[in-house]
Every structure is written in structure tokens, then in C-alpha cells.
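**Student:** Let's see this in three dimensions:
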Amino acid sequence: MAKVVVIGAGLSGLAFSWYLKNLRPDWELIVLEKELWPGGKAKTVYKDGFLCEAGVNGVLDNKPSTLSLAKQLGLSPLKSNDSSRKRFVVKDGRLVRMPDSGSAFLTSPLLSVKGRLRVIAEAFIPKGDLSKDESLEEFACRRLGEEAFKRLIDPMATGIYAGDPSKLSLRSCFPKIYQLEKEYGSLIRAMLKMQLAAKKKGKKGPGAGPGGTLTSFKNGMSELVSALQKELSNNLKVGCMVKEIVRDKGKWKVITKNEEIEATHVVVSCPAPQASDIFKSYLPELSELAKAIYYPPIAVVSFGINEKKLGKHLDGFGFLIPGPEKRRILGSLWDSSIFKYRAPDNYALVRTLVGGARAPMLGLLPDDQLIRIVHEELRDLMGFKPWPDFVNISRWHESIPQYNVGHAELEKRLLWITRGYKHLYIRANWIGGVSLNDCVMNSQILAEQVAKGY
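**Tutor:** Numbers count the residues shown, from 1 in each chain. Presented below is the predicted three-dimensional model:
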């Protein structure tokens, strides 16, 4: 009988384990997590009536994987409020609404007339050298112009990766955009052709926004984690750190501080730095590849404040800050405006990110300095003058894996090496996509492959 050990109980590891358990209930399954709680970056803190997401705050419903899993677990999704469609970008120290349609783009003050004309000219820009692994900055400047890069694309990199667009790989971070240029030669021509094709089928084509509706759960993303934890309660061991894995006499040995576990299959679902340590002695080449993936530190600072003191009702998703603005925060999400049940009545909850790839040391500052910086920035940008009534700080010393230029080759090399070892797999957000939807989808695919004897 097969015995599968999964190392890491983030959403990738939990989802894989749940799918495999349902596909092969006759197999022995053990899930090991070094922290005292499962879920990884999907962690919700409920305190003083405020529901604070320490990490991911939801998933888009334009991809079915996560919400399909939730439905199978008997969970009821919570859609974001209509106001969350209003997204803002900081320009010259003030909030400017990001255009979400072609007509809005033509009149948006976010770009100058020259900048808008340069974007429209994208339809006539020749296809680039697609053999090159371009940075997001290189691609955006080449196709859309420098102004559009600074005001539109740069904050997108901040919002998804907390990354540096001069280093992030377009092909790895946004593979669909890469494919659009490859197939159509132009992003604008691609959008127009897809909208026309959708119209012929009586459907709505792609727009300028991210697509889909942001969705979570009444009790936050930890509701999904708790449901998976309950299903895997007999399989999950928390507070169990894996030191290394070795192959001996045709089987794997997973070595922890207190025991050695023999396994037929090993699935590595922990962050890359931990995986690097686990691979170090027996699989040094894999160790070096995993070690090369950078995770910048991020602090998530949540402020709760009485709306009477604030003097306004927050109406929107929040704002992101382009690098050229030189602010000390990455942006803020207005969680109480995005979802119900996030704050007590008549209170607002604002969640601000500090740190990231371009200012990692800021994410490591002491609590009092973080609070002061966030308050000063929100005061300047939002008129947030009163001191908050509630504060919660969550820290990630290793936050989001950076898919920098060269990541595609690194990932290809990683997967090629693991295929040389029978029943060794890597299933984590540092390969195959960082979004929760990608993680769940890839976990399901791998579970099906493993169950079939892949």
C-alpha cells in the first residue's frame, strides 16, 4: 500500500492532500506542518470585532478551482461588495481612480493625453523577441510606453507580488499576457478579437480590469483552511518540522526532529527556503535552485477606526502606489468596504502593506515605527487624521515568492530533476503560479496524477 507524506500544510499541501484522500482513501496519508497552525498565508485574525486577513483576502471567481473546492466542502462563498470595483492608484500624492473600461481610460487623469495615445499605439507596435525572458518593466515600456508602465503596470506588480517590476519576469508572472502577444502580436488587437468572438457567442468579452469578482467567506479565508483541517484531522501533524529527506532501499525517509517516517511518495509543499534546507544533504542541486527564489518581508498593518472620527465612509477597494511615488507603504485595502462582516458597525477597517521587494527593510521595522509610518502615509493620502481605535500587525519574513527573470528556466530545471527521482514531487506556490486559484488547481491536477500512478 502506498504511503504518502506531504511536507507543508499551506493551501497547496492541504488541497493536494484532500483531493488525494478522496481519490485514494485506501492509501496512508501524513501531512507535516512546521507551524502550530495550517493554512500558510491564508490566515485570519479575529480580534475586538475586527476580522483581519494576515495574508490573502480572497480569490477571483473567474477561475473555478478554489470555489469548486469550497463547494465540495460545504462552504458558502461571500462575494465582495459592488464598491470594491472602485480601485485607486496614487498619482502625485493623491488618489486617482483606475479606469475599468475603454471609455474611462480615454478620459482618465491617470495618464496624460500623450500617455494615452502611446497606449493606443500599442496596436501598431511590432511583436518583440519572444525568445527573451523580459522583465515586466521592459515589456510594458516596449508595448505601452514608459508612462503607462509607471502608472498602470508598476502598481499591478505591487498588488500581486509586492515585487520589483524591473526584475519580475513577464513570462512567469503573467503568462497569459505573454501568450497574447505571441498569438496576436498586440494586446489591444487580442482584446478586440476576443471581445468580437465572445459577442458572437452572446457572451461578454474580456475588459480592462482583472476580471471576475473577489470572493471570500463570512469568517475570512481561514474558513476554508478550517474545513480542510477538519477533513484531514487524522492525517495532519502540526509543529512538526522536517529536517531532510533521503532515499534508501527504494523508499523515501522523511526525517523530523523526533522520528523517521518511511514513505513511498513525498510531496514537498513548503516554502522554497524550507525546501532548500530539506533537500540540502541528499539533493543539493534542488537545494540550490530552491534557495535562489527570493521572498521579501512584508508587514500587514490593520487599522480600525470609528467612521465619525474618520469623517467619511470608505467606498472602494483601496489603492496601490507606483514605485515612482516614493512612499513608505505599498498600498492599502479598505477591507470593510470590500466585504461584509469585517468590522463592527460604524467602524472602518483599513489594511496596509509595508515592505516588499523594493523596500524590504521597512517590513522588518518594530511595531511602533510601523504604526507611525502607516498613520502618516494614510493621513497624507486619505486624510486619515485620528489615531486608530484598533491595530493589528501580521508579519511575514518570507512573504510572496518572486518570479524574477530566469524563473521559467529555474522551474523547468527543478521539475526535470524531480522527475529523475521516483515519486518525488514539488507542489507549492513557488512554481506554477502564486495565486490561490493556481495553487488549488495545480494541487488537484497533481493529486489525480499521483492517484493514477504518475
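
**Student:** Now do the helix or strand bottoming out on mean pLDDT in the chain: distance to the chain's middle.
**Tutor:** Lowest on mean pLDDT, DSSP states H and E among the helices and strands of the chain sits helix 102-107, with a mean of 80. Offset of helix 102-107 from its chain centre (C-alpha atoms, centre = their mean, to the nearest Å): 28 Å.

**Student:** quick one, domains of the chain?
**Tutor:** 3-35+230-293+403-451, 58-83+296-396, 101-200 (automatic domain parsing).

**Student:** Work out the gap between the longest one and the centre of the chain.
**Tutor:** Taking C-alpha atoms, centre = their mean, one finds domain 3-35+230-293+403-451 lying 19 Å from the centre of the chain it belongs to.

**Student:** That domain: end-to-end distance?
**Tutor:** For domain 3-35+230-293+403-451, the first-to-last residue distance is 12 Å (C-alpha to C-alpha, to the nearest Å).

**Student:** Now do the buried residues in the least confident helix or strand of the chain.
**Tutor:** Under the neighbour-count criterion of 16 or more other C-beta atoms under 10 Å, helix 102-107 has F105 buried. From N, CA and C alone the C-beta is placed, and that goes for glycine too.

**Student:** Packing partners of that helix?
**Tutor:** helix 113-120 (3 or more C-beta pairs under 8 Å, 6 or more residues apart in numbering; DSSP states H and E).

**Student:** For whichever helix or strand comes after the helix it packs on, the averaged confidence score.
**Tutor:** Next along the chain after helix 113-120, taking DSSP states H and E as the criterion, comes helix 136-143. Per-region confidence: helix 136-143 scores 97 on mean pLDDT.

**Student:** can you check stretch 20-38 too?
**Tutor:** Mean predicted lDDT for stretch 20-38 stands at 97.

**Student:** quick one: it to chain centroid distance?
**Tutor:** For stretch 20-38, the distance to the chain centre is 23 Å (C-alpha atoms, centre = their mean).

**Student:** Touching it from outside, list them.
**Tutor:** 1-10, 13-14, 17, 43, 225, 228-229, 231-232, 235-242, 254, 256, 261, 263, 270, 274, 447-448, 450-451 (C-beta atoms under 8 Å, 6 or more residues apart in numbering).

**Student:** List buried residues within those residues.
**Tutor:** 2-10, 13-14, 17, 43, 225, 228-229, 231-232, 235-236, 240-242, 254, 256, 261, 263, 270, 274, 447, 450-451.

**Student:** Phi first, then psi, for the residue of the chain positioned farthest from its centre.
**Tutor:** Going by C-alpha atoms, centre = their mean, the residue of the chain most distant from its centre is K249, 39.1 Å out. Torsion angles at K249 (phi, psi; degrees, to the nearest 10) stand at phi 50, psi 40.

**Student:** Against T107, how distant is it?
**Tutor:** 70 Å (C-beta to C-beta, to the nearest Å).

**Student:** Show me the beta-bridge partners of I245.
**Tutor:** V254 (DSSP bridges).

**Student:** Check the gap between I245 and D315 for me.
**Tutor:** For I245, the distance to D315 - C-beta to C-beta - is 51 Å.

**Student:** Among the two, which residue is more densely surrounded?
**Tutor:** Using other C-beta atoms under 10 Å as the criterion, I245 and D315 rank with I245 on top: 23 against 12.

**Student:** Residue ranges in the protein under the pLDDT threshold?
**Tutor:** 203-210 (pLDDT under 70).

**Student:** try 80
**Tutor:** By pLDDT under 80, the weakly predicted segments of the chain are 101-103, 197-211, 454.

**Student:** In the stretch 1-150 of the chain, what residue spans correspond to helices?
**Tutor:** 11-23, 65-72, 102-107, 113-120, 136-143, 146-148 (DSSP state H, counting those that start in this stretch).
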